[in-house]
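Asker: build me a model:
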Amino acid sequence: MSDLYWLTDEQMARLSPYFPKSHGKPRVDDRRVLSGIIFVNRNGLRWRDAPREYGPHKTLYNRWKRWGAMGVFPRMMEGLSAQKAEPQTVMIDATYLKAHRTASSLGVKKGNVGRLIGRTKGGMNTKLHAVTDANGRPLSFFITAGQISDYPGAAALLDDLPKAQWMLADRGYDAEWFRDALEQKGIKPCIPGRKSRSFPVKYDKRRYKRRNRIEIMFGRLKDWRRVATRYDRCPTVFFSTLALAATVLFWL
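Answerer: Residues are numbered from 1 along each chain as shown. Down below sits the predicted model:
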C-alpha cells in the first residue's frame, strides 16, 4: 500500500470552491498537484525531492507560490471553519516555531515588514498567535517575530473574533485593555490574573480546564515538519503552510 498522501473525492469537493478559476489552458490535475503540495509540506521535503507520482516538482512549486500569493490557502481555512466551527467558546494562545538557518536572514528591504523572525533564548523563532473554537480547531492566525509579546497578536486577532460567549486564555493575556475589548464585544473573559496583581481575579476554573485543547492543536500543527521548522524566508509563504496544515488537520 502506498504511503503517499492523496485527497479523497469528498475532500476535493469541499476544497474546490476555493480554487481560482482557470483561464486559457486547463490546469494540471488539481487533486494530484494539491496532494503533492500537502505531502511536501507535511514531510518537510525540498520541492525537488517530491515523489514522481505527483508529477514535476516545478509544477508543484509554481502552483504553491502562485496560489499562496493569491491567498488561496488562508481562504480555504477561513471558509471551511466558518461552516463547521463551534464558536460559543473561543480560545487564544501563542507558540514558538523554530526558524531554520535558510529562513533566518534578517535583511529587510525598505518598506517591507521583514521576515517576522526574531531572536529569543531558544534561538531564531517566529511566534504563531491563534484563535480556536471550543474544540480547539483554529479559526484565525497571526504571526510575529519570536521576541514580540502576546499582546500585539491578541490585538490583531480581536477584529476577527466570532460572536462568542466566552474567551479562554492563560494569564499572559491578563490585561485590562484586553478584558475591556472582549466585554465590548459581548464576550466574557475566562482569564486567570497575573501573580503581580494587587487583587485576585475571579474566573471559572472548571471552564478554564478546557484550554488544553488549544495546546493540543499546536502540537498537531507541529507534526507537519514545515510548520515545526520554518524553512521559508517569505512570511506570506509560511503563513500559507500554516493555513494549509490547519485545513487538512482540522477542517477536512
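Asker: contacts and neighbour counts: CA atoms only from here.
Answerer: Noted.
Asker: on the three-state scheme, residue 3 is what?
Answerer: coil (DSSP: H, G, I helix; E, B strand; the rest coil).
Asker: for residue 34, see how far away it is.
Answerer: For residue 3, the distance to residue 34 (CA to CA, to the nearest Å) stands at 16 Å.
Asker: so between these two, which is more surrounded?
Answerer: More crowded of residue 3 and residue 34, by other CA atoms under 10 Å: residue 34, with 19 against 5.
Asker: mind telling me what element that one is part of?
Answerer: Element membership for residue 34, per DSSP states H and E: helix 30-43.
Asker: in that helix, what's buried?
Answerer: 31, 32, 33, 34, 35, 36, 37, 38, 39, 40, 41, 42 (16 or more other CA atoms under 10 Å).
Asker: now, which of the residues you listed sits nearest residue 171?
Answerer: residue 42 (32.2 Å; CA to CA).
Asker: that older thread, now, which of the buried residues of helix 30-43 sits nearest residue 14?
Answerer: residue 31 (12.1 Å).
Asker: nearest residue to that closest one in space, please, no chain neighbours.
Answerer: Nearest residue to residue 31, sequence neighbours excluded (CA to CA, 6 or more residues apart in numbering): residue 7, at 6.5 Å.
Asker: how many residues are close by the one you found?
Answerer: So residue 7, with other CA under 10 Å, has 18 neighbours.
Asker: surely it touches residue 36?
Answerer: No: applying CA atoms under 8 Å as the test, residue 7 and residue 36 come out as separate, 9.6 Å apart.
Asker: please name the strands paired to the stretch of helix or strand residue 92 belongs to in the sheet, noting orientation.
Answerer: Using DSSP H and E, residue 92 sits in strand 89-99. Paired neighbours of strand 89-99 in the sheet (DSSP bridges): strand 123-132 (antiparallel), strand 166-168 (parallel), strand 229-230 (parallel).
Asker: and the ones you listed: which comes nearest residue 26?
Answerer: strand 229-230 (32.6 Å).
Asker: averaged pLDDT, the closest one. What do you get?
Answerer: Here strand 229-230 scores 96 as its mean pLDDT.
Asker: after that strand, which helix or strand is next?
Answerer: Immediately after strand 229-230, counting by DSSP H and E, sits helix 235-246.
Asker: which neighbouring elements make contact with that following helix?
Answerer: When contacts are defined as 3 or more CA pairs under 8 Å, 6 or more residues apart in numbering; DSSP states H and E, helix 235-246 packs onto helix 30-43, helix 57-69, helix 72-84, helix 212-221, helix 225-228.
Asker: need the ones you listed in a markdown table (columns: distance to residue 147).
Answerer: Output for the helices and strands packed on helix 235-246, formatted as a markdown table (distance: least, CA to CA, whole Å):
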| stretch | distance to residue 147 |
| --- | --- |
| helix 30-43 | 25 |
| helix 57-69 | 26 |
| helix 72-84 | 24 |
| helix 212-221 | 18 |
| helix 225-228 | 17 |
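Asker: looking at those helices, which is nearest to residue 128?
Answerer: Once these are compared by CA to CA, helix 212-221 is nearest, at 9.2 Å.
Asker: buried residues of the closest one, list them for me.
Answerer: 213, 214, 217, 218, 220, 221.
Asker: residue ranges with poor pLDDT in this protein?
Answerer: Scanning the chain with the threshold set as pLDDT under 70 gives 1-2, 105-113.
Asker: ok, 50 please
Answerer: Where the chain drops to pLDDT under 50, the residues are 1, 110-112.
Asker: now render the strands paired with strand 89-99 as JSON lines, adding mean neighbour count and distance to residue 243.
Answerer: Shown next, in JSON lines, are the strands paired with strand 89-99 (neighbours: other CA atoms under 10 Å; distance: least, CA to CA, whole Å):
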{"stretch": "strand 123-132", "mean neighbour count": "23", "distance to residue 243": "11"}
{"stretch": "strand 166-168", "mean neighbour count": "25", "distance to residue 243": "22"}
{"stretch": "strand 229-230", "mean neighbour count": "22", "distance to residue 243": "14"}
